[in-house]
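Visitor: Sequence and predicted structure, then a few things I'm wondering about:
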There are 2 protein chains.
Amino acid sequence: MPVNLPPLSANDLLPIAGVELGWAEAGIKKPNRKDVLVMRLAEGTAVAGVFTENRFCAAPVTLSKQHLASAPIRALVVNTGCANAGTGEEGLNNAQKTCAAVASELGLSADNVLPFSTGVILEQLPMDRLLAGIPSAVANLKEANWYDAAFAIMTTDIAPKAMSRQVTIAGKTISITGIAKGAGMIQPNMATMLGYLATDAAIEQSVLAGLTKRLADESFNCITVDGDTSTNDSFIVMATGKAGNAPLVAGEDLDVLYAALKEVAQYLAKAIVRDGEGATKFMTIQVNGGKTHDECKAVGYAIGNSPLVKTAFFASDPNLGRILAAVGYAPRQCDSLKDLDTNTIRVYLGDVLVAEHGGRAASYVEEAGQKVMNEAEITIRIELGRGDVNATVWACDFSYDYVKINADYRS
Amino acid sequence: MPVNLPPLSANDLLPIAGVELGWAEAGIKKPNRKDVLVMRLAEGTAVAGVFTENRFCAAPVTLSKQHLASAPIRALVVNTGCANAGTGEEGLNNAQKTCAAVASELGLSADNVLPFSTGVILEQLPMDRLLAGIPSAVANLKEANWYDAAFAIMTTDIAPKAMSRQVTIAGKTISITGIAKGAGMIQPNMATMLGYLATDAAIEQSVLAGLTKRLADESFNCITVDGDTSTNDSFIVMATGKAGNAPLVAGEDLDVLYAALKEVAQYLAKAIVRDGEGATKFMTIQVNGGKTHDECKAVGYAIGNSPLVKTAFFASDPNLGRILAAVGYAPRQCDSLKDLDTNTIRVYLGDVLVAEHGGRAASYVEEAGQKVMNEAEITIRIELGRGDVNATVWACDFSYDYVKINADYRS
């Protein structure tokens, strides 16, 4: 079960003026589950996105990047059950046909539509079933449909992931709602599996792109379930402007909005880890005192991706030498760490000092470590002692269920 | 059970003139198992080693590097059950005391002795038990003890790993025997967990260091079990010169010897993967047509370390899109791959062409992929189509037993 992920109710989610959502059960992989989502955006909505850096990026990722660069975006279409990745020319044609079908239903042109897919790689989309599902998804477009939308994008996720927030800017109430899905092949690189954030704030299109990249870097780009970067990661931010504020360009008002967007994005990113495949523990890996952000992240990911660290956490076993080993090989991933001096490093489990001066801390007793390890939510803090830059990585453990889920996924 | 690892008998292993081995049951972690090994080397033996690049390298690694640089090496001492890593000043003192104890028994000075440890990190050596074991290990020093030595260095290994070979050089019969141990925290970086290769050939000391590095790069530095680089990896080559050949410096004779040493080193490296923790499949990942060796290795390790690829192989599920995804994110690890073009890449499973032109090959049928996946030993071949450099990585799958072994290891 997900680790400390609060249950979601439909009432938790605010509609966003200018964003309507409709879903269908198209039977793409299995019958009787929501597997197609269409979102219609009001005219004038600013849209920005960041996408996977996986070179085998999916056809819909390629097409979404093209459409974002060329035309105003007025709709999104998402399917689960098939990633449309590793599908070559035919996959691109299918993504294009999907956009055209949505556009035709909504009176738009195909390049006003962003397509997204998630599911098995190296298989073609079942176009007959997908195209048959689109009219019914369009037929139930409603601003109140965020709750169902959060379910419609799930694959191996156990629980839906969604959050809303409100802030007041220049006397206007601004609403934000976001949804995301995980749950495996998760170490986003520039984006996450699928994440959508909408606000009724007005934001200059030229500002939105940079803001979206920064949001991704501070949320979805800080998580890992299994170290695998998906072919389909996409994170989209939409600002409809329906709240009536003057378009935000910079300054304090934008900062207030950014903080609220970040709160939602981080909640969703952490929710993906809490519901990571087979997860039983949620680990916050805080790496402080580095010279660069990249080297702090490299240390955090070395710990968060180590199968030995992850299985020890699954077992609640304070076998903490495995954390030292992971820190010690982080220079494999990051050149600036080649001069890493282990004598300046301190390792904390929760508030317990575990290691310093290259060895176990004199004050450390295993009972104190065991007490922290028994918790479901654990902070590992690494003080590198070589600079003043910090970074955080969120990760989960490796359990029997991770193996079970991924040995069974296609069956 | 190990994957296609032939059973070992004592008769398989040749003694090496000038190398005596003795073991003890010192009860370092558990009673009644061989856990201390002493090797005595004849005067004039050339010795070279490569060691882990993990920054939290173990105390014995630090000391072994110092001793190799300063004095002729006349003995090695290995203990299992405790890694003496993450042990600070006290750990260094303990490694020093261990060398001194062996030296005293053998009439040497401490810096003639190389120390090695493997086991749990962040715990001090039980010096009383270790020191008590050394005299009995020295008491049974024999050239015929390689078989017992292979057992004495095991930790979570199921089976011992050892091999011998003979070659004739300038009319002299040259013998080679090697032993190694795995089985987790295995992605050696410059060396492996513990590997020892001895020959009675005479090789110039100045030549041996380069030869050892090259041997490691072509064997132990090509494997992964879980992507974790140990704090204790050490690979040592010893040449006693007792075969009576003229010392080898270069040329065809050295090439013949190198080929035989490489055969033994590769056998041992692959044996570690065959007996990797929980392994049920042995994967040879052949990456061809790259621009550099590093980029081929990066692609090979991306595949060999992907938890999603490894669990699919455990399940014998030809969910081969996961291989594409891993190739696609390999540029995360290797800058020269930033311009990787997926259109030129071909992916083979055994002899079956699975993917080309960015998608599934027209000729591919799942039955053919399934047939290969059902085997215990599988070759994945990636043709990058961008250069003429090749590299190989050997890896195993991820099973329930990997989680079980590593969730239980300390108990």
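Guide: Everything's here; your move. Numbers count the residues shown, from 1 in each chain, chains lettered A, B, ... in the order given.

Visitor: use CA for all of it now, contacts and neighbours both
Guide: Fine.

Visitor: any idea of the mean pLDDT in stretch A:46-58?
Guide: The average pLDDT within stretch A:46-58 is 90.

Visitor: what separates the closest residue to residue A:376 other than its chain neighbours from chain B, distance-wise?
Guide: Closest residue in space to residue A:376, ignoring its immediate chain neighbours: residue A:281 at 4.8 Å, by C-alpha to C-alpha, 6 or more residues apart in numbering or on different chains. With distances taken as C-alpha to the nearest C-alpha, to the nearest Å, residue A:281 is found 13 Å from chain B.

Visitor: And for residue A:356?
Guide: 8 Å.

Visitor: What count of nearby residues applies to that residue?
Guide: 20 (other C-alpha atoms under 10 Å in any protein chain shown).

Visitor: what pairs with it across the strands?
Guide: Judged by DSSP bridges, the bridge partners of residue A:356 are residue A:359.

Visitor: Confirm for me that it is in contact with residue A:343.
Guide: Yes - between residue A:356 and residue A:343 a contact is recorded at 6.8 Å, counting by C-alpha atoms under 8 Å.

Visitor: Run through chain A and note the low-pLDDT ranges.
Guide: Scanning chain A for pLDDT under 70 picks out A:189-193, A:409-411.

Visitor: Run the chain-centre distance for the helix or strand that contains residue A:407.
Guide: Applying DSSP states H and E as the criterion places residue A:407 in helix A:400-408. A distance of 21 Å separates the centroid of the chain from that of helix A:400-408, by C-alpha atoms, centre = their mean, to the nearest Å.

Visitor: That helix to helix B:400-408, inter-axis angle?
Guide: Angle of helix A:400-408 versus helix B:400-408, following axes from the mean of the first three to the mean of the last three C-alpha atoms, to 10 degrees, is 170 degrees.

Visitor: Please point out which parts of helix A:400-408 sit buried.
Guide: A:400, A:402-407 (16 or more other C-alpha atoms under 10 Å in any protein chain shown).

Visitor: Give me the contact list for that helix.
Guide: A:277-279, B:308, B:311-315, B:317, B:398-400, B:403-404 (C-alpha atoms under 8 Å, 6 or more residues apart in numbering or on different chains).

Visitor: before we move on, what about stretch A:150-157?
Guide: Outside stretch A:150-157, the residues that reach it (C-alpha under 8 Å, 6+ apart) are A:23, A:33-37, A:78-81, A:118-119, A:160-162, A:179-184, A:194, A:275-277.

Visitor: same for the strand or helix carrying residue A:395, what does it pack against?
Guide: Residue A:395 belongs to strand A:389-396 when elements are defined using DSSP H and E. On a contact count with 3 or more C-alpha pairs under 8 Å, 6 or more residues apart in numbering or on different chains; DSSP states H and E, strand A:389-396 meets strand A:223-224, helix A:252-274, strand A:282-290, helix A:293-305.

Visitor: Please say whether there is contact between the first one and chain B.
Guide: No - with C-alpha under 8 Å from any C-alpha of the partner chain as the criterion, chain B is not reached by strand A:223-224; the gap is at least 12.1 Å.

Visitor: Partner strands of that strand and their direction?
Guide: Assessed with DSSP bridges, strand A:223-224 is paired to strand A:389-396 (parallel).

Visitor: do the third one as well
Guide: Taking DSSP bridges as the criterion, strand A:282-290 pairs within the sheet with strand A:377-383 (parallel), strand A:389-396 (antiparallel).

Visitor: For stretch A:310-325, measure first residue to last.
Guide: For stretch A:310-325, the first-to-last residue distance is 13 Å (C-alpha to C-alpha, to the nearest Å).

Visitor: is it up against chain B anywhere?
Guide: Yes - Stretch A:310-325 comes into contact with chain B (C-alpha under 8 Å from any C-alpha), by way of A:311-315, A:317, A:319-322, A:324-325.
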